[in-house]
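S.K.: quick one, fold the following:
(one chain, ligands or ions: 2)
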Amino acid sequence: MLILGIESSCDETGAAIVKDGRYLLSNVVATQAEIHNRYGGVVPEVASRQQLATIIPVIETALDQAACGWEEIDAIAATYGPGLAGSLLVGLTVGKAIALAHNLPFLGVNHLEAHIYANWLRNQTTIISPQEVDDADWEYQEGDPTFPLICLVISGAHSELVLVRGHGQYELLGRTRDDAAGEAFDKVARILGLSYPGGPAIQQAAQRAEEELQQQGKSPVLARGAYRLPRAWLRGTHDFSFSGLKTAMLHLAEGATEDEYQRDAHFAASTSGNQVSQYTRLGMQAAQRGGADVALLAASFQEAVVDVLAVKTRLAAQQYHVKQVLLAGGVAANISLRTRLGQELRPLNIRLSYPPVEFCTDNAAMIASAAFFHLLRGEQHGFDLDVEPGLSLPFTEK
Ligand code: KG4
Ligand code: ZN
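M.R.: Residues are numbered from 1 along each chain as shown. Ligands and ions are numbered 1, 2, ... in the order given. A predicted model of the protein is given here:
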């Protein structure tokens, strides 16, 4: 089954053609990161206008690259939430219009569920021919993740630990109580005067700090402990919290010494609301103090986030006796997290999987993949489906 997937939930416009939920024929993503970098974050009005300008060329390119005509497409899928209303509306409306025009089944896809299904995607080189899949078991093919499993969904707006017992069966184990992991990366990058999106910028700066130490004949690992930063363990729960860490970073970037910051009674108070102008000013000050400082701060911050995510995910995997853990969402692209979580799980014989970097961040291949497993169950949506900006994963009770 060939599905055209469409993704437009935020600042990436994507179209992809995927066979049987796994095999990629094409995957086109147009990013607006450069435009939003100017503002240090996504500006919703700008994002939706860009979506409108790029969606049709992106879909046409996906069809071209797959060497595919409309007559070969079996279904259309588009993200309907969560995300920015204006951006979502563009992809969803185009998706429904195409399905209507070509008389094809239509399915609205939950963006968070799609991030999980990015783990079902194979590289282009492994496309199999239609004859080979005729007798295949659609629900499970070799190389698929195996249930039950735990998935850490970490994106720009969500951080959730989810127990997945089977296709479409999600139990919420824990979630962030304040900022999402990706949001923390983005806000701290702004504090440090680094570019948007913050995750890759912080990862790069941290790498630079480690390389500099290595050049000085010191252990690169020292960079990760250069600043002592707080970790919110929230013991006895599978929840996360990153706002205290963000406040500590803000304080350090303001120029307080480590000693001062540890003595500061206000340290625990979390920053609230959007402090864009203040962040930008402080970030510039921090950046002006020299690259080494910023790089060491970035390395210490990344280590604090990775520490909590990796240990808490390992604890959940042990408690629920799963044999596989998945990473999903933009932050799953983080190399430190992948390495550290692998180290936590290997001695326990728990397999860790994550999508290639281009499938971790927003893309339409994952939308087509998630749609496939819904269509298998006979599900599809009517053309009255509307966007749901606040949509969450369809959790079942424990
Ligand atoms: O899943 P995604 O592309 O969009 C949402 O659905 O939100 O995630 C975007 C988030 C951003 O916060 C970005 O900073 C973060 O993923 N991210 C990373 C990395 N690459 C992207 N965070 C840490 N390390 C990375 N390498
Ligand atoms: Zn996403």
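
S.K.: spell out which parts of the stretch 151-300 of the chain neighbour ligand 1.
M.R.: Proximity of the stretch 151-300 of the chain to ligand 1 is confined to 155, 156, 157, 182, 185, 186, 197, 198, 199, 200, 203 under the rule Cβ under 6 Å from any ligand atom. Just so you know, the C-beta spots here come from the backbone N, C-alpha and C atoms, and that holds for glycine as well.

S.K.: residues touching the residue lying closest to the second one once chain neighbours are set aside, list them.
M.R.: With Cβ to Cβ, 6 or more residues apart in numbering as the criterion, residue 156 has its nearest non-adjacent residue at 3.9 Å, and that residue is residue 182. Residues in contact with residue 182, defined by Cβ atoms under 8 Å, 6 or more residues apart in numbering, are 154, 155, 156, 157, 159, 197, 198, 199, 329, 330, 331.

S.K.: report the closest residue of the stretch 151-300 of the chain relative to ligand 1.
M.R.: residue 199 (1.9 Å; Cβ to the nearest ligand atom).

S.K.: test my guess that that residue contacts residue 186.
M.R.: Yes: counting by Cβ atoms under 8 Å, residue 199 touches residue 186, with 7.2 Å between them.

S.K.: more neighbours, the two?
M.R.: The residue with more neighbours, out of residue 199 and residue 186, is residue 199; 27 against 23, by other Cβ atoms under 10 Å.

S.K.: does the more buried one belong to a helix or a strand, and which?
M.R.: Here residue 199, judged by DSSP states H and E, is contained in helix 198-215.

S.K.: tell me the secondary structure at residue 194.
M.R.: Here residue 194 is recorded as coil under DSSP: H, G, I helix; E, B strand; the rest coil.

S.K.: distance of the residue nearest to residue 156 relative to residue 199?
M.R.: 6 Å (Cβ to Cβ, to the nearest Å).

S.K.: mind listing what residue 164 touches?
M.R.: 116, 147, 148, 149, 150, 151, 170, 171, 326.

S.K.: mind putting the residues you listed into JSON lines with secondary structure, distance to residue 69 and neighbour count?
M.R.: What follows is the contacts of residue 164, written out as JSON lines (DSSP: H, G, I helix; E, B strand; the rest coil; distance: Cβ to Cβ, whole Å; neighbours: other Cβ atoms under 10 Å):
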{"residue": "116", "secondary structure": "helix", "distance to residue 69": "31", "neighbour count": "26"}
{"residue": "147", "secondary structure": "coil", "distance to residue 69": "36", "neighbour count": "15"}
{"residue": "148", "secondary structure": "coil", "distance to residue 69": "40", "neighbour count": "15"}
{"residue": "149", "secondary structure": "strand", "distance to residue 69": "37", "neighbour count": "23"}
{"residue": "150", "secondary structure": "strand", "distance to residue 69": "41", "neighbour count": "24"}
{"residue": "151", "secondary structure": "strand", "distance to residue 69": "36", "neighbour count": "28"}
{"residue": "170", "secondary structure": "strand", "distance to residue 69": "36", "neighbour count": "22"}
{"residue": "171", "secondary structure": "strand", "distance to residue 69": "42", "neighbour count": "17"}
{"residue": "326", "secondary structure": "strand", "distance to residue 69": "34", "neighbour count": "26"}
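
S.K.: of these, which pair is most distant in space?
M.R.: Spanning the widest gap among the contacts of residue 164 are 171 and 326, at 14.3 Å by Cβ to Cβ.

S.K.: can you pull out the low-pLDDT segments for the stretch 101-250 of the chain?
M.R.: Low-confidence segments of the stretch 101-250 of the chain (pLDDT under 70): 124-136.

S.K.: quick one, strands of it?
M.R.: Per DSSP state E, counting those that start in this stretch, the stretch 101-250 of the chain carries strands over the ranges 106-110, 149-154, 159-166, 169-175.

S.K.: can you check the stretch 251-398 of the chain too?
M.R.: Secondary structure of the stretch 251-398 of the chain by DSSP E, counting those that start in this stretch: the strands cover 324-328, 351-353.

S.K.: quick one: these as CSV, columns for distance to residue 305 too.
M.R.: What follows is those, written out as CSV (distance: least, Cβ to Cβ, whole Å):
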stretch, distance to residue 305
strand 324-328, 13
strand 351-353, 17
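
S.K.: isn't residue 18 up against residue 370?
M.R.: No: contact between residue 18 and residue 370 fails when scored by Cβ under 8 Å: they sit 10.0 Å apart.

S.K.: what's the closest non-adjacent residue to the residue of the stretch 151-300 of the chain closest to ligand 1?
M.R.: Nearest non-adjacent residue to residue 199 (Cβ to Cβ, 6+ apart): residue 185, at 4.2 Å.

S.K.: how about the residue of the stretch 251-398 of the chain found nearest ligand 1, nearest residue that isn't a chain neighbour?
M.R.: Closest to ligand 1 within the stretch 251-398 of the chain is residue 330: 2.2 Å, counting by Cβ to the nearest ligand atom. Nearest non-adjacent residue to residue 330, counting by Cβ to Cβ, 6+ apart: residue 361, 4.6 Å away.

S.K.: in terms of pLDDT, where does residue 397 sit?
M.R.: According to the prediction, residue 397 has pLDDT 76.

S.K.: show me what contacts it?
M.R.: Applying Cβ under 8 Å, 6+ apart, the residues near residue 397 are residue 171.
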